[in-house]
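In: Sequence plus the predicted model coming up.
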Amino acid sequence: MDIELTRLLDRSGAKVRGVLNILLESPCLYLEDDRDLFYFLRRHRREFEEFFEKMYGWQLIMDGKCARVYKSQWYNRAITPAARSVFRFSKRDECLAFMMLLEFFEQQLEENGMTVADRHNLRFHFGDYLRHVHQRFLEIFPDQAEKYGEEYIRAKVVRPIMPELERYRFVRRLRPPEGMRASADKLIYEALPALYHYNAAALGRMLPELNPDEPPAEEGT
C-alpha cells in the first residue's frame, strides 16, 4: 500500500476505510451522502489519488459535490459485458436520450446561470426534458417524424430510461407536496452531481447520429 495512505490509515483508519468502501460500493460519493467523509477525501485527495492509481490503475475524479473513481478496464474476462452491473444502455434510442439529457442539463445550467459550485442542484420538469428529446429526434431523423411522435418518445424512449437514471443516481424524482398530485409532465426531477462528470460533446462523438459527418446507425445496435 502507498506509504502516505498507510500513515493516514494509522491516524484515521475508520475514515480511510469508509471512503474506500463507499467508492467501491457505488459509482459516486456525493457531498450530501456523508459530508464528513467527503471533506476528509477532499483534504487528502492526493493520497487517495496515488493509492487508486498505483494499486488499481484507476483515476479519482472529484469536484465540489461528487467524487468517483474511473475504471477504464475490466480484468475478469469470464464476466461478459451483459453480466456486469454497470450503468449502460444497449439500444440506440436510449443512448441518444441519455446524451440528450446531458445536452438538456448543460442548456439549463447556462440558462439559469448555474455551476457545480451552486449550493442547490438544478431541478427540471419531466415535460421540458421530454420536449427537448422529441425536438432533437425530429432534427436528427427528419424523415422519421411519423415514427418519432411525442407519445412514442414518451412511452418508448424517455420513460423507460428514467428508472435506470434514478438507480444510478443521475437524477432524483422529487415527491410533490402532501396532498398534491402532479401530471407526468409536471413531475420534478433533480439533476444530481454525477451529470457534471459527463461531457455531452465528447460522448456525442461516439454516436454517429449526433455527428452529421457519419451515417446514422440502425436501431438496436
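Out: Looks like it came in fine.

In: Make sure residue 8 is indeed in a helix.
Out: Yes - assessed by DSSP: H, G, I helix; E, B strand; the rest coil, residue 8 belongs to a helix.

In: Tell me where the model's unsure across this structure.
Out: 1-2, 179, 200-221 (pLDDT under 70).

In: now the helices for it?
Out: Along the chain, the segments classed as helices by DSSP state H run 3-11, 13-25, 35-43, 45-56, 92-112, 126-140, 150-152, 159-167, 200-204.

In: in the fourth one, what counts as buried?
Out: Of the residues in helix 45-56, 47, 48, 49, 51, 52 count as buried by neighbour count, 16 or more other C-beta atoms under 10 Å. The C-beta positions use only the backbone N, C-alpha and C, and glycine is treated the same way.

In: Equivalent analysis for the longest one, please.
Out: When burial is assessed from 16+ other C-beta under 10 Å, helix 92-112 yields the following buried residues: 92-106, 108-109.

In: which other helices and strands contact that helix?
Out: helix 126-140, helix 159-167, helix 200-204 (3 or more C-beta pairs under 8 Å, 6 or more residues apart in numbering; DSSP states H and E).

In: could you redo the last one with a cut-off of 10 Å?
Out: With contacts taken as 3 or more C-beta pairs under 10 Å, 6 or more residues apart in numbering; DSSP states H and E, helix 92-112 sits against strand 123-125, helix 126-140, helix 159-167, strand 188-191, helix 200-204.

In: Between the ones you listed, which one is closest to residue 148.
Out: helix 126-140 (4.4 Å; C-beta to C-beta).

In: Return the distance of the closest one from the chain's centre.
Out: 19 Å (C-alpha atoms, centre = their mean, to the nearest Å).

In: what inclination does that helix have with respect to helix 92-112?
Out: Calculated by axes from the mean of the first three to the mean of the last three C-alpha atoms, to 10 degrees, helix 126-140 forms an angle of 120 degrees with helix 92-112.

In: Can you lay out the helices of the chain as CSV showing distance to residue 188?
Out: Shown next, in CSV, are the helices of the chain (distance: least, C-beta to C-beta, whole Å):
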stretch, distance to residue 188
helix 3-11, 41
helix 13-25, 27
helix 35-43, 24
helix 45-56, 33
helix 92-112, 13
helix 126-140, 8
helix 150-152, 20
helix 159-167, 13
helix 200-204, 22
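
In: Mind checking those helices for the one nearest to residue 180?
Out: Comparing the helices of the chain under C-beta to C-beta, the one sitting nearest is helix 126-140, at 15.6 Å.

In: which parts of that closest one are buried?
Out: 126, 129, 130, 131, 132, 133, 134, 136, 137, 140.

In: So which elements touch it?
Out: Using 3+ C-beta pairs under 10 Å, 6+ apart: helix 126-140 touches helix 92-112, helix 150-152, helix 159-167, strand 171-173, strand 188-191.
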